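[1] Sequence and predicted structure below; questions after.
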Amino acid sequence: MPSWLTAITLRSVNRSVSIVVKSVTEQFNENPDLLDIQSESKPDYIKCTRIATETSIQEMLIPAAVGILAPLFIGIFFGIKALLPMLIGFILSGIHKSIAMSNTGSAWSNAKRIISISESSKRSSDLYKATVIGDTIGDPMKDTAGPSLNILMKVMTVSSFVLLPFYMSINDGKGLLGVNAI
């Protein structure tokens, strides 16, 4: 499940950025003076901020729903003896993936920073271009995918513990299907 949720968050960043790029391109096409440094024309920053905010909220609905509904479904239908392994599995795989994505994304960002500071490299070099690509991939990993898994782990565990009395009231914690394995 952490890999699937990570894919959703990374795809969300891609969608949001695509919409912002389209908006910026339209602004440049409508007002070519925006490209002139001497011009007093200003881009519509508020529009881009609004797009980014609205799409980020829309795109996080699925991961948030999964974070709340998955434990709810498991707890209601299969009981607490199935809920605990699901949470343990999500947390163990989620921690690994979260740390790996945050560290990898940071490494790619730092590589770009180091190469751009280096006097021997020029911005037109293939090495610099490669680090720009790495930074473009790394930023969503370290800023979106990694932290979102941390939040989902918290949401899943807190919602499970808050609803524990409810789960216990369903067939003595065995769920609607009466699962008593483990």
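    Perfect, I can see it now.
[2] Quick check: Ser148 touching Thr9?
    Yes. Ser148 is within contact range of Thr9, at 4.9 Å (criterion: C-beta atoms under 8 Å). Every C-beta, even on glycine, is put in place using the N, C-alpha and C of the backbone.
[3] Quick check: neighbours shared by these two?
    Met60, Pro63 (C-beta atoms under 8 Å, 6 or more residues apart in numbering).
[4] where do the helices sit along this structure?
    Using DSSP state H, the helices of the chain run over 2-30, 45-59, 61-78, 80-117, 126-140, 146-162, 164-168.
[5] List the buried residues of the fifth one.
    Right, the one you point to is helix 126-140. Tyr128, Thr131, Gly134, Asp135, Gly138, Asp139, Pro140 (16 or more other C-beta atoms under 10 Å).
[6] same for that helix, what does it pack against?
    helix 2-30, helix 80-117 (3 or more C-beta pairs under 8 Å, 6 or more residues apart in numbering; DSSP states H and E).
[7] Take these and lay them out in a markdown table including mean pLDDT and distance to Ser159.
    Formatted as a markdown table, the helices and strands packed on helix 126-140 follow (pLDDT from 0 to 100; distance: least, C-beta to C-beta, whole Å):
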| stretch | mean pLDDT | distance to Ser159 |
| --- | --- | --- |
| helix 2-30 | 89 | 15 |
| helix 80-117 | 89 | 10 |
